[in-house]
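Undergrad: can you look at this prediction? I've put the sequence above it.
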Amino acid sequence: MDHNLQAKISRRIAKDSAMKWLFGSAAAILVAVIAFLFYGIGADGVDRLNLSFFTNFGSRFPEKAGLKAALVGTLALMAVVIPVSMFIGLCSAIYLEEYAPKNKWTAFIEMNISNLAGVPSVVFGLLGLTVFVRAMSLGNSILAAGLTMSLLILPIIIVASQEAIRSVPDALREASYGMGATKWQTILHVILPSAIGSILTGSILSFSRAIGETAPLIVLGIPVIVQFLPTGPLSTFTALPMQIYDWAKRPQPAFADAASAGIIVLLIMLVTMNAFAIYFRNRSEKKLKN
Amino acid sequence: MKNTKILATLGLACSIFLAACGGADGNTSAKTSEGLSGNVAGDGSSTVAPIMEAIVEEYAQAEKDVKVSVGVSGTGGGFEKFIAGSTDFSNASRPIKDEEKAKLEEAGVDYTELKIANDGLTIVVNKENDWVDSLTVEDLTKMWTEDGTTKKWSDINPSWPDEEIVFYSPGTDSGTYDYFNEVVLEDADLVKSATLSEDDNVLVTGIKGDKNAIGFFGFAYYESNKDALNAVLIDGVQPNAETIESGEYTPFSRPLYVYVSNAALKEKEEVRNFMEYVIDNSADMADAVGYVRLPAADYDAAREQLKAVK
């Protein structure tokens, strides 16, 4: 009897440590892959990261090639994407959570928004090509690409904002109404201030997706060989992922180093944005506790 | 109180991005009095792209106010945009197809075909492959055409190893594939076991890693990987600058083209100016990026073609 129990216990302990190893090695594989990626890219690209890499346009000489046009293009693209997607996304989320009647129709719309978040980006590219580039004849401009990217990330922003608004306790709303505040006053002074942290977290993560997306840009026909900076929203431009993709396909190995350096720049941008997202999340969590 | 601060931060973030965009305005140089200005848009073959990049790089120094942008959607993708009227010129690594001609006619786009350089479509094998030296087009057709059998090196020549051939080919959207299809496959199916990739560096890596591999791509990719790959002689002719320029490396010495819209040439002085610049500089730039210049007479002919469009 006693011996039996002993065996059972040691079996359980063995199982326990086996599972610990399983989970641990899964995490280790992930870390190893990331370390390998960073090491590979870092070793190839770090030598190229000097000032001229940022101030030169593309070039047939790999050692002279820079990403000035691509970097400015990406920033200009975000200048369209951020206000457009934030404005439409936040407004839609407020409407769906605070104003829309809770009926089947609203549920249907919400379900479709969630499904849109899973649609491949290349489909949004085709939509943008048909609507913005051709029908509205915006050409392959910053505006056309920015609107396409905004559509791509809108579903994510709406869903994230809805969840943030939903997590504001009803007690706060009721207290506000109790004080005689209108719905708009409640939204502006009570709901948004407590939800804005999580809204920003979700939005910033989706902005970093918009920065890294290549497929829609290829479909829109965004050029790669560009020796000028954009002059306005209707200007032609190129973007970081396009430039990196082009360099990676070149026959000369030195272009691969330029591609690695470009990836480092892109990664730094993404990590910085994600750090902001984490900062806003922590701040809003702290505020909710107080 | 706090909420206004947060909204203000958000507003500030937006305006910083807008300023980054607006900052670009300040960087455009003032227009020179006699210089040209305007936009020239092109798209097309990724094979032609390196030459175009070199030309555009030089042209940007010569004509600071003409903004040339060139995409790399592939020969077929470039023609689609050319047909839709969104580009002034289209780069191609094969001659225009009949169906593309028909669509251009339907869309009312008149064009001029200009040859700008030569490329040698190069058949390559692994460095350790010590049996293949020269192949004929018939050999290649036999190898690359799908006929339901497993292809072995010994099928081509009994003295070669009894091992399966591993095929690497550019993607079907590329002009390189179309050219190979025209010359070797003659519209028959490509072997099903072939690995296709739009990225030629994937082909290079694949062939480097397999003793039994064979593949093909533009001469520039072979030039950059000479140490790791062997080029196959075609009917005993080695692909190099001389044999490609003279056309002796046949049938794989292929011209690279630029198709330019006649309407754009007539209406936009900057398009004509850029095209003349392309013809004047293609020879040197082709050499610089690993392609092969055309005989001088061909460039003279292209100049005449441009002049004829009035």
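TA: Arrived safely, thanks for sending. Residues are numbered from 1 along each chain as shown, chains lettered A, B, ... in the order given.
Undergrad: show me the shaky parts of the stretch 151-290 of chain A.
TA: A:287-290 (pLDDT under 70).
Undergrad: make it 90
TA: The stretch 151-290 of chain A contains residues with pLDDT under 90 at A:194, A:197, A:249-253, A:277-278, A:280-290.
Undergrad: enumerate the residues of it near chain B.
TA: Counting by C-beta under 8 Å from any C-beta of the partner chain, the stretch 151-290 of chain A comes close to chain B at A:188-189, A:192-193, A:196, A:200, A:218, A:221-233, A:235-236, A:238, A:246, A:248-253, A:256. Using the backbone N, CA and C atoms, a C-beta is placed for each residue, glycine as well.
Undergrad: mark which of the residues you listed are buried, thanks.
TA: A:188, A:192-193, A:196, A:200, A:218, A:221-231, A:233, A:235-236, A:238, A:246, A:248-252, A:256 (16 or more other C-beta atoms under 10 Å in any protein chain shown).
Undergrad: and the single nearest residue of the stretch 51-200 of chain A relative to chain B, what helix or strand is that in?
TA: Nearest to chain B, among the residues of the stretch 51-200 of chain A, is A:Pro193, at 3.5 Å (C-beta to the nearest C-beta). Applying DSSP states H and E as the criterion places A:Pro193 in helix A:192-212.
Undergrad: enumerate the positions of that helix that are buried.
TA: Applying 16+ other C-beta under 10 Å to helix A:192-212 flags A:192-208, A:210-212 as buried.
Undergrad: just checking, next helix/strand downstream of it?
TA: helix A:215-220.
Undergrad: which residues does that following helix contact?
TA: A:120-122, A:124-126, A:128-129, A:132-133, A:140, A:144-145, A:148-149, A:152, A:239, A:241-242, A:245, B:73 (C-beta atoms under 8 Å, 6 or more residues apart in numbering or on different chains).
Undergrad: what average pLDDT does the helix or strand B:Ala102 falls within get?
TA: In this structure, B:Ala102 sits in helix B:98-107 according to DSSP H and E. Helix B:98-107 shows a mean pLDDT of 95 in the predicted model.
Undergrad: identify each buried residue in the helix or strand following that helix, please.
TA: The C-terminal neighbour of helix B:98-107 among helices and strands, as given by DSSP H and E, is strand B:111-120. Neighbour counts over strand B:111-120 (16+ other C-beta under 10 Å) mark B:Tyr111, B:Thr112, B:Leu114, B:Lys115, B:Ile116, B:Ala117, B:Asn118, B:Asp119, B:Gly120 as buried.
Undergrad: ok, the fourth one touching B:Val292?
TA: If I follow you right, that is B:Lys115. No - using C-beta atoms under 8 Å, B:Lys115 makes no contact with B:Val292, being 11.8 Å away.
Undergrad: what would the buried residues of strand B:111-120 look like in CSV with pLDDT?
TA: Listed next are the buried residues of strand B:111-120 as CSV, based on pLDDT from 0 to 100:
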residue, pLDDT
B:Tyr111, 96
B:Thr112, 96
B:Leu114, 95
B:Lys115, 94
B:Ile116, 95
B:Ala117, 94
B:Asn118, 92
B:Asp119, 92
B:Gly120, 91
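Undergrad: out of the residues you listed, the closest to chain A would be?
TA: Nearest to chain A among those: B:Asp119, at 11.7 Å, using C-beta to the nearest C-beta.
Undergrad: return the set of residues that bridge with the closest one.
TA: Beta bridges link B:Asp119 to B:Arg254, judged by DSSP bridges.
Undergrad: residue contacts, it?
TA: By C-beta under 8 Å, 6+ apart, the neighbours of B:Asp119 are B:Thr47, B:Ser93, B:Gly218, B:Phe219, B:Ala220, B:Ile244, B:Ser253, B:Arg254, B:Pro255, B:Leu256, B:Tyr291, B:Val292.
Undergrad: wait, the last one touches B:Ile244, no?
TA: Read that as B:Val292. Yes - with contact defined as C-beta under 8 Å, B:Val292 reaches B:Ile244; the gap is 4.3 Å.
Undergrad: identify the contacts common to these two.
TA: Residues touching both B:Val292 and B:Ile244 by C-beta under 8 Å, 6+ apart: B:Asn118, B:Asp119, B:Gly120, B:Phe219, B:Ser253.
Undergrad: just those now: which is nearest A:Thr74?
TA: B:Asp119 (32.2 Å; C-beta to C-beta).
Undergrad: what helix or strand does the residue lying closest to A:Pro62 once chain neighbours are set aside sit in?
TA: Leaving aside its chain neighbours, A:Pro62 sits nearest to A:Ala254 (3.4 Å; criterion: C-beta to C-beta, 6 or more residues apart in numbering or on different chains). For A:Ala254, the element it lies in under DSSP H and E is helix A:253-289.
Undergrad: beyond the biggest helix by length in chain A, next helix or strand please.
TA: Assignment by DSSP state H gives helix A:2-45 as the longest helix of chain A. Moving toward the C-terminus from helix A:2-45, the next helix or strand (DSSP H and E) is helix A:51-55.
Undergrad: so who does A:Gly58 touch?
TA: By C-beta under 8 Å, 6+ apart, the residues touching A:Gly58 are A:Ala65, A:Gly66, A:Leu67, A:Ala69, A:Val224, A:Ile225, A:Val226, A:Gln227, A:Gln243, B:Glu53, B:Glu57.
Undergrad: actually A:Phe57, sorry about that
TA: A:Phe57 makes contact with A:Gly66, A:Lys68, A:Ala69, A:Val226, A:Gln227, A:Phe228, B:Glu57, B:Ala60, according to C-beta under 8 Å, 6+ apart.
Undergrad: gap between the residue lying closest to the last one once chain neighbours are set aside and A:Arg12?
TA: Across the structure, with C-beta to C-beta, 6+ apart as the measure, the residue nearest B:Ala60 apart from its sequence neighbours is A:Gln227 (3.7 Å). Separation of A:Gln227 from A:Arg12 (C-beta to C-beta, to the nearest Å): 68 Å.
Undergrad: likewise A:Gln252?
TA: For A:Gln252, the distance to A:Arg12 equals 60 Å [C-beta to C-beta].
Undergrad: equivalent analysis for A:Ile225, please.
TA: Taking C-beta to C-beta, one finds A:Ile225 at 65 Å from A:Arg12.
Undergrad: neighbours of the residue lying closest to A:Ala259 once chain neighbours are set aside, how many?
TA: In space, and not counting its chain neighbours, A:Ala259 is closest to A:Trp247: 3.8 Å by C-beta to C-beta, 6+ apart. As a burial measure, A:Trp247 scores 25 neighbours (other C-beta atoms under 10 Å in any protein chain shown).
Undergrad: likewise A:Phe23?
TA: The number of residues packed near A:Phe23 is 10, by other C-beta under 10 Å.
Undergrad: near chain A, which residues of the stretch 201-310 of chain B?
TA: B:Asn201, B:Val204, B:Gly218, B:Ala220, B:Tyr221, B:Glu223, B:Ser224, B:Asn225, B:Met285, B:Ala288, B:Val289, B:Gly290.
Undergrad: all set, thanks.
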